[in-house]
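Chemist: Below is the sequence, then the predicted model.
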Amino acid sequence: MRNIVREFGGRRVVDNVSLKVMPGQVTCLLGPSGCGKSTTLRIIAGVDMQDSGEIYVDNKLVCDTVYRVPPERRSIGLMFQDFALFPHLTVGQNVAFGLDGPKDETRARVEELLGRVGLLHFIDSHPHELSGGEQQRVALARALAPRPSIMLMDEPFSGLDNRLRDDIRDETLAVLKEEGAAVLLVTHEPDEAMRMADQIALMRNGEIVQLGAPYNIYNRPVDLEAARFFSDIN
Ligand code: ADP
Ligand code: MG
């Protein structure tokens, strides 16, 4: 994304944001609640529109102020905290939902992904038969099934209880790495970014104030406010 600006009622919520995410890497968009993270993701996904700036996927323009590719043709996968599975479909049908190829290819892809998240035995079950963590892994498989170039994840772990969260973060990271999409993961938790990111984009008041590897940002925060933000990590 390049020079993205979004205003609501004259207030700049996304303030000239430029950011590049690379295949096989996880970039964490990290910042306090209200700093503009979700708005940024919604603009990339195409469910909100920037006032100025451009979005590119695979080096192709998908959106500027005069041209706009609709969300479903952007090669973008989405995963949000409350992104529910379809309750009336089986686990397998949920994962197959965005696939439109031949039946046997769809079946193979669904089995591959359910195997990867360790839930192949649930293929004919319905979502309500699964725990929250298992449903979350199915949602990951569903989002990855069409092989999106970019995966957008908005606080995907915040609905899970603490005991499970670290394990699910690690499993999710392993699956994302195997699939090789460019991942942009939003979080307000520094320890989640430290754990998952190849690159952290630190956001504040709509701006990216620091960009770099977790280790570098943690050791050389750009200012006192950034240092304080990281200080409650153990
Ligand atoms: P974050 O995800 O970092 O918590 P958001 O992107 O959701 O932040 O919101 C950033 C700011 O923009 C907040 O102050 C929020 O109230 C405001 N905002 C978001 N969406 C809208 C909207 N549709 N209309 C007006 N204000 C909005
Ligand atoms: Mg948000």
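Modeler: Structure received. Ligands and ions are numbered 1, 2, ... in the order given.
Chemist: downstream neighbour of whatever helix or strand Val110 lives in in the secondary structure list?
Modeler: Per DSSP states H and E, Val110 falls inside helix 103-116. Sequence-wise, the next helix or strand downstream of helix 103-116 (DSSP H and E) is helix 132-144.
Chemist: Figure out how far that next one is from the centre of its chain.
Modeler: Chain-centre distance of helix 132-144: 13 Å, with CA atoms, centre = their mean, to the nearest Å.
Chemist: what helices or strands is the helix or strand just after it leaning on?
Modeler: Scanning forward in sequence from helix 132-144 by DSSP H and E, the next helix or strand is strand 150-154. In terms of contacts (3 or more CB pairs under 8 Å, 6 or more residues apart in numbering; DSSP states H and E), strand 150-154 is packed against helix 37-45, strand 76-80, strand 182-187. Just so you know, the C-beta spots here come from the backbone N, C-alpha and C atoms, and that holds for glycine as well.
Chemist: what does strand 150-154 contact?
Modeler: Outside strand 150-154, the residues that touch it by CB atoms under 8 Å, 6 or more residues apart in numbering are 21, 37-38, 41, 44-45, 57, 74-81, 143-144, 176, 181-186.
Chemist: near ligand 1 too, which of those?
Modeler: Taking CB under 6 Å from any ligand atom as the test, ligand 1 is in contact with 37-38 out of the contacts of strand 150-154.
Chemist: By neighbour count, sort out the buried ones in the contacts of strand 150-154.
Modeler: Burial by neighbour count, judged by 16 or more other CB atoms under 10 Å, picks out 21, 37-38, 41, 44-45, 57, 74-80, 143-144, 176, 181-186 from these.
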